[in-house]
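1. this one's sequence-less:
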Ligand SMILES: Cc1cc2nc3c(=O)[nH]c(=O)nc-3n(C[C@H](O)[C@H](O)[C@H](O)COP(=O)(O)O)c2cc1C
């Protein structure tokens, strides 16, 4: 029989990545961690509801106070945060009929930040002191992003150390690995893109220099937790948060070549399903599993795997609104629609209230 989701629902095994299906829960910031930024019971319920994905990735997690750029995002830099995540991991494990890998997405907003997020009122840090042309929701209302402080070499090392500490905390909490968020215009992307990186030292200028921070970061985190526990997420053509690159194909080709051959868990690329031109080029350059994302549905996800363009497909809004997405794909069931008004912050409404099939 011709099962429309046969490929998406087939297992995927590569190294330590043992996925019961190929329907990935994409990382999604939901701003429900409160002022303490400690994962809570409501968050555990949310992730447990979505436990049947073949690979689960958490929302972006702040690696340190310097990394914060939004209210209510969870952290992974205090013992209470590690314990909070451990309870989330436990809830997911208990809800999983078959164990699937659960990765913590680590991020640092860089220049997409504001002094009101820190006790010392320091602005964000970035490769160059260029403010992001964005408005941010803060505890002081909607404000323009602050001019960031240019990172020194010592600051770069400290920042990498924050990621390493957070990655070790993630393993302590029971996660199977970490996904480094190098997309969406946040810190790693700010180093990669020539519009945000105007440095004249070994971390800026040439393509090789602009990818240096990302490569050193991957090396350090892989060195601490093992390469097979590290995924990397990129969004080559995004202009999110004012990031811009004059030649993303060259930049991301160089990055992919540099991180290939190291045994990483996976490369996760965000690019519209309708036009995945950079992803297509990277597929042949990366020697590990490829996760694709952005605008995929059952049909386009299934054909991406069938045609060998991807190993796994990540679903954001569809998984947000359909906690049992793999089952719905399997049964060809109708999908609930996501309500954007409850995406960022609030209570359980629009978070844990989307119904599963009866
Ligand atoms: C509410 C919401 C929050 C998101 N937060 C994150 C995030 O924390 N980290 C990240 O890498 N991408 C984030 N994204 C992007 C999604 O992972 C995904 O790339 C995007 O939704 C496109 O996939 P889709 O068409 O399947 O929804 C977010 C998207 C949404 C809708």
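-> Alright, I've got the coordinates. Bear in mind that the values here come from a model prediction, so they are computed numbers and not experimental data.
2. as a whole number, average confidence for the helix or strand containing residue 43?
-> Assigned by DSSP states H and E, residue 43 falls within helix 41-49. Averaging pLDDT along helix 41-49 yields 98.
3. tell me which residues in it are buried?
-> Along helix 41-49, these residues count as buried under the neighbour rule (16 or more other Cβ atoms under 10 Å): 43, 44, 45, 46, 47, 48, 49. Heads up, the C-betas are built off the backbone N, CA and C, glycines and all.
4. and if you look at stretch 184-197?
-> Applying 16+ other Cβ under 10 Å to stretch 184-197 flags 184-194, 196-197 as buried.
5. Closest one to the ligand out of those residues, please.
-> Comparing the buried residues of stretch 184-197 against the ligand with Cβ to the nearest ligand atom picks out residue 184 as the nearest, at 5.5 Å.
6. and which of the buried residues of helix 41-49 is nearest to residue 165?
-> residue 43 (21.1 Å; Cβ to Cβ).
7. for the closest one, what are its contacts?
-> 30, 32, 33, 74, 84, 88 (Cβ atoms under 8 Å, 6 or more residues apart in numbering).
8. Run through this protein and note the low-pLDDT ranges.
-> Across the chain, residues meeting the criterion (pLDDT under 70) sit at 1-2.
9. near the ligand, which residues of it show up?
-> Neighbours of the ligand within the chain, by Cβ under 6 Å from any ligand atom: 26-29, 59-60, 105, 181, 183-184, 233, 270, 293-296, 315-318, 343.
10. Show the buried residues in those residues.
-> 26-29, 59-60, 105, 181, 183-184, 233, 270, 293-296, 315-318, 343.
11. List the buried residues for the helix of greatest length in the chain?
-> Looking across the chain with DSSP state H, the single longest helix is helix 153-173. By neighbour count with 16+ other Cβ under 10 Å, helix 153-173 contains the buried residues 156, 159-160, 162-164, 166-171, 173.
12. Pull the most distant pair out of those.
-> 156 and 173 (26.1 Å).
13. now whichever residue of the stretch 101-250 of the chain sits closest to the ligand, nearest residue through space, not along the chain?
-> Closest to the ligand within the stretch 101-250 of the chain is residue 181: 4.9 Å, counting by Cβ to the nearest ligand atom. For residue 181, ignoring the flanking residues on the chain, the nearest one in space by Cβ to Cβ, 6 or more residues apart in numbering is residue 107 at 4.0 Å.
14. contacting residues around that neighbour?
-> With Cβ under 8 Å, 6+ apart, residue 107 has these contacts: 60, 61, 62, 63, 67, 181, 186, 187.
15. surely the first one meets residue 105?
-> Read that as residue 60. Yes. Between residue 60 and residue 105 a contact is recorded at 5.2 Å, counting by Cβ atoms under 8 Å.
16. Straight-line length of stretch 276-289, end to end?
-> Terminal residues of stretch 276-289 lie 16 Å apart, using Cα to Cα, to the nearest Å.
17. And it, how far out from the chain middle?
-> Between the centre of stretch 276-289 and the centre of its chain there are 18 Å (Cα atoms, centre = their mean, to the nearest Å).
18. What are the buried residues along that stretch?
-> 276, 278, 279, 282, 283, 285, 286, 288, 289.
19. residues in contact with the third one?
-> Right, the one you point to is residue 279. Applying Cβ under 8 Å, 6+ apart, the residues near residue 279 are 236, 269, 271, 290, 292, 309, 310.
20. so how far is residue 50 from the fourth one?
-> Distance of residue 290 to residue 50, computed by Cβ to Cβ, to the nearest Å: 22 Å.
21. Could you look up the SS state of residue 136?
-> strand (DSSP: H, G, I helix; E, B strand; the rest coil).
22. in what helix or strand does residue 282 lie?
-> Short version, using DSSP H and E: residue 282 is in helix 277-283.
23. Follow the chain on from that helix and name the next helix or strand.
-> Using DSSP H and E, the first helix or strand after helix 277-283 is strand 290-293.
24. Show me what that following strand is packed up against.
-> Other elements packing on strand 290-293 under the criterion 3 or more Cβ pairs under 8 Å, 6 or more residues apart in numbering; DSSP states H and E are strand 266-270, helix 277-283, strand 312-315.
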